[in-house]
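# build me a model from this:
(3 chains)
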Amino acid sequence: MLNKKQIRFCLDEMEKMFPNADCELTHSNPFELVIAVLLSAQCTDVLVNKVTKDLFKKYKTPEDYLNVSLEELQNDIRSIGLYRNKAKNIQKLCNVLLDEYGGEVPSSKAELEKLAGVGRKTANVVASVAFGEPAIAVDTHVERVSKRLGICRWKDSVLEVEKTLMKKVPKNEWSVTHHRMIFFGRYHCKAKNPNCSECPLLEVCREGQKRMKKENAS
DNA sequence: CTCCCGATAT
DNA sequence: ATATCAGGAG
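Prediction:
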């Protein structure tokens, strides 16, 4: 496991690599962000943005999503994948926003997590990006990077990864760290061909050193 | 744990 | 062909 000093080194190097890391989901208000993050499950941001470009022109309010049939909404988001669940969840979510929150998106993580299709990760993203609340959303990239570097254990659940990160990263850096880890995972420490040979974190990365050793042997 | 699921990279 | 993508619900 990495010690405090090594983790500090990782965070600083990630900042150098991605000084402008930020949310890459196109949105202009909290409601659009909730929809975008819900759609982003098991799907790339690039594809989500492609779909929401037209979607957000057609649907501005919760009422708009409820004034069409489920089939029509499914069709409008079909290329995203998992579209049946996502369309159903969007309409459920819109009903609750109108019934319980006056059509507005709640700002607390606890309230967000009650919404259909919104789990812990999505709630963390919305609370952090839309409302400035400190949070570390653990998605596939944050999980992979944390485990490869040795910030947490391989067998840890996403919740355990989040707890570890909250403990080891200063609270005022949670949101930026979360975004830097996503960029690092998305563009450098990729799932398939991580660029270990040109990685500034190699000296502290257990997985990177293992991969380099294997590469030299072959 | 399984299922949902199309687009893209490799 | 197959793995992967800002996961969540049952």
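# where does chain A have low pLDDT?
Within chain A, the stretches with pLDDT under 70 are A:218.
# mind listing what residue A:212 touches?
Contacts for residue A:212 (C-beta atoms under 8 Å, 6 or more residues apart in numbering) come out as A:196, A:197, A:202. Placement of C-beta: from N, CA and C, glycine included.
# just those residues: which are in strands?
Among the contacts of residue A:212, no member falls in strands (criterion: DSSP state E).
# the closest residue to residue A:116 other than its chain neighbours and residue A:34: what is the separation?
Spatial nearest neighbour of residue A:116, excluding adjacent residues (C-beta to C-beta, 6 or more residues apart in numbering): residue A:92 at 3.6 Å. Per C-beta to C-beta, to the nearest Å, residue A:92 is found 12 Å from residue A:34.
# do residue A:178 as well
17 Å.
# what does chain A put close to DNA strand C?
Neighbours of DNA strand C within chain A, by C-beta under 7 Å from any atom of the strand: A:23-25, A:37-38, A:40-46, A:81-82, A:85, A:89, A:115-123, A:125, A:129, A:137, A:139-141, A:144, A:178-179, A:182, A:185-186, A:190-192.
# need the buried ones from those residues selected in ChimeraX.
Entered in ChimeraX, the line below selects the buried ones among these, by 16 or more other C-beta atoms under 10 Å:
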select /A:23,24,25,37,38,40,41,45,89,115,116,117,118,120,121,122,123,125,129,137,139,141,144,178,179,182,185,186
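# name the element residue A:26 belongs to?
Taking DSSP states H and E as the definition, one finds residue A:26 inside no helix or strand.
# quick one, what contacts the nearest residue to it once chain neighbours are set aside?
Of all residues not flanking residue A:26 in the chain, residue A:49 sits nearest, at 4.7 Å (C-beta to C-beta, 6+ apart). By C-beta under 8 Å, 6+ apart, residue A:49 lies in contact with A:24, A:25, A:26, A:36.
# from the residues you listed, which is closest to residue A:172?
Relative to residue A:172, the closest of the contacts of residue A:49 is residue A:24; by C-beta to C-beta it sits at 22.4 Å.
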